[in-house]
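**Student:** coordinates only, sequence not included:
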């Protein structure tokens, strides 16, 4: 499905995904921005999609994590879908599926892995 930015009606769509950074973070006077890759599942097909995620530099909760993002970093995010390809981030955490401190995640799909990670994050706080 190919949509142009002006074809998407304003909405309150919240997305959660495991993403990979396509570049390092970029900080300007108002926002920290990162180009990312995530996947959408459509008719049982895994479709890669690129997004631009951002948050305001005044959001200290996200700033330390987002400024650590380098090309190839993997992380889980949640945020508001503003346009077809732009997400305002409200939650951000690095994903380490192979570290000694992380729970072993044996998931058959990215969606299942995201659910497992989110349940782990919720239980660890």
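**Tutor:** Sure thing, it's come through. Bear in mind that the values here come from a model prediction, so they are computed numbers and not experimental data. Numbering: from 1, shown residues only.

**Student:** hey, let's count contacts and neighbours off CA atoms from now on
**Tutor:** Will do.

**Student:** check contacts around residue 12.
**Tutor:** 80, 81 (C-alpha atoms under 8 Å, 6 or more residues apart in numbering).

**Student:** which SSE is it in?
**Tutor:** Per DSSP states H and E: residue 12 is located in neither a helix nor a strand.

**Student:** Just the pLDDT for it.
**Tutor:** You'll see residue 12 listed with a pLDDT of 76.

**Student:** again with residue 55
**Tutor:** Reported pLDDT for residue 55: 94.

**Student:** How about the one 10 residues further on?
**Tutor:** According to the per-residue confidence, residue 65 scores 91 in pLDDT.

**Student:** try the one 4 residues further on
**Tutor:** Listed pLDDT for residue 69 reads 92.

**Student:** Just say helix, strand or coil for it.
**Tutor:** coil (DSSP: H, G, I helix; E, B strand; the rest coil).

**Student:** what's it in contact with, if anything?
**Tutor:** With C-alpha under 8 Å, 6+ apart, residue 69 has these contacts: 21, 24, 25.

**Student:** Check the residues you listed against residue 84 and report the nearest one.
**Tutor:** Residue 84 lies nearest to residue 21 out of the contacts of residue 69, by C-alpha to C-alpha, at 17.7 Å.

**Student:** Of all the residues in stretch 48-65, which ones are buried?
**Tutor:** 50, 51, 52, 53, 54, 55, 56, 57, 62, 63 (16 or more other C-alpha atoms under 10 Å).
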